[in-house]
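Visitor: here are the coordinates; sequence isn't available:
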Ligand SMILES: Nc1ncnc2c1ncn2[C@@H]1O[C@H](COP(=O)(O)OP(=O)(O)OP(=O)(O)O)[C@@H](O)[C@H]1O
């Protein structure tokens with residue numbers, strides 16, 4: 001039963017119903033497609049993401065996860081479909097506006113922290129830079145906020161002036177997360193955020209990410225080939241194969257009762273992803 005129907009049955013005020021129905025998803029993706037010549041990157045992908053929701057995208061290597069994420073985050077232009085963020089079409093909007101969204105409303109956590117950090121800039125500078133990009137100017141406040149965020153990602157404040165290359169891989173990834181979240185983005189794209197790290201480091205990072213996602217009520221699109229990562233972080237899940245979504249639903253539902261043979265293979269780990 002829809003929210004509106006439930007509310008009507010409960011005798012709720014008509015204006016409340018109207019607001020509930022008019023409330024748009026944070027991200028609406030319709031028929032998104034991208035090909036590389038004759039090779040399909042992703043095709044006919046549609047989904048809604050609601051505020052505070054984490055959407056996981058899983059699939060084996062080459063299934064189209066990165067292509068989809070790049071199109072969603074505006075790093076690549078799709079050939080077909082629409083991406084509506086907060087009611088605005090991000091595919092057709094001017095480049096300058098898309099870049100502004102990238103600095104303010106969106107964040108992108110790369111698999112390799114080197115792609116998301118400025119390696120020649122101090123840890124504090126990496127975090128502070130994002131604050132300055134959204135208008136912060138008071139040096140004392142910026143440094144204080146940077147210190148606070150280093151603490152939140154379990155980096156000792158004494159390391160604030162160190163360069164990222166003086167950090168371990170796990171620390172670099174945590175710094176990248178702090179840099180991305182410090183401005184309170186409305187939507188976070190994550191590309192294999194725990195990939196490329198040792199298993200014990202992965203577990204710690206995953207734990208940290210889960211805490212942040214829950215506490216901050218993050219809206220996120222998370223790409224991974226690791227089902228344990230989506231199990232812990234994602235509310236909903238899309239399974240991709242050959243560029244198309246073959247199954248979608250609540251994470252636990254899809255993982256505990258997979259319907260598509262490909263998802264069944266993924267879940268039973270017969271297929272190495
Ligand atoms: N720059 C490119 N030029 C040509 N084909 C590409 C390019 N990038 C991706 N593809 C193709 O598009 C398809 C989807 O690739 P994509 O990288 O999106 O998959 P993926 O699920 O992210 O894989 P992985 O987990 O290995 O990163 C594959 O067939 C791939 O070979």
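Guide: Cool, got the structure. Keep in mind that this is a model prediction, so the values were computed, not measured.
Visitor: In the stretch 101-250 of the chain, mark out all the strands, start to finish.
Guide: Applying DSSP state E, counting those that start in this stretch to the stretch 101-250 of the chain gives strands spanning 106-109, 187-191, 220-223, 236-241, 244-250.
Visitor: List the residues that contact the residue of the stretch 101-250 of the chain found nearest the ligand.
Guide: Closest contact between the stretch 101-250 of the chain and the ligand, by C-beta to the nearest ligand atom, is at residue 225 (5.5 Å). C-betas here are computed from N, CA, C, even on glycine. Contacts for residue 225 (C-beta atoms under 8 Å, 6 or more residues apart in numbering) come out as 58-61, 65, 192, 195, 273.
Visitor: Alongside the ligand, which residues does the protein contribute?
Guide: 36, 39, 41, 59, 61-67, 225 (C-beta under 6 Å from any ligand atom).
Visitor: Just put those in a markdown table and tack on pLDDT.
Guide: Output for the residues of the chain next to the ligand, formatted as a markdown table (pLDDT from 0 to 100):
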| residue | pLDDT |
| --- | --- |
| 36 | 97 |
| 39 | 97 |
| 41 | 98 |
| 59 | 94 |
| 61 | 92 |
| 62 | 94 |
| 63 | 95 |
| 64 | 97 |
| 65 | 96 |
| 66 | 95 |
| 67 | 97 |
| 225 | 89 |
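Visitor: Just the closest of these to residue 143, please.
Guide: When these are ranked by distance to residue 143 (C-beta to C-beta), residue 66 comes first, at 35.4 Å.
Visitor: element containing the residue nearest to residue 45 when sequence neighbours are not counted, please.
Guide: Nearest non-adjacent residue to residue 45, counting by C-beta to C-beta, 6 or more residues apart in numbering: residue 32, 4.4 Å away. In this structure, residue 32 sits in strand 27-36 according to DSSP states H and E.
Visitor: Run the chain-centre distance for that strand.
Guide: Distance of strand 27-36 from the chain centroid (C-alpha atoms, centre = their mean, to the nearest Å) equals 16 Å.
Visitor: circling back: winner for burial among the strands of the stretch 101-250 of the chain?
Guide: Of all the strands of the stretch 101-250 of the chain, strand 220-223 carries the top mean neighbour count, a mean of 26, counting by mean count of other C-beta atoms under 10 Å.
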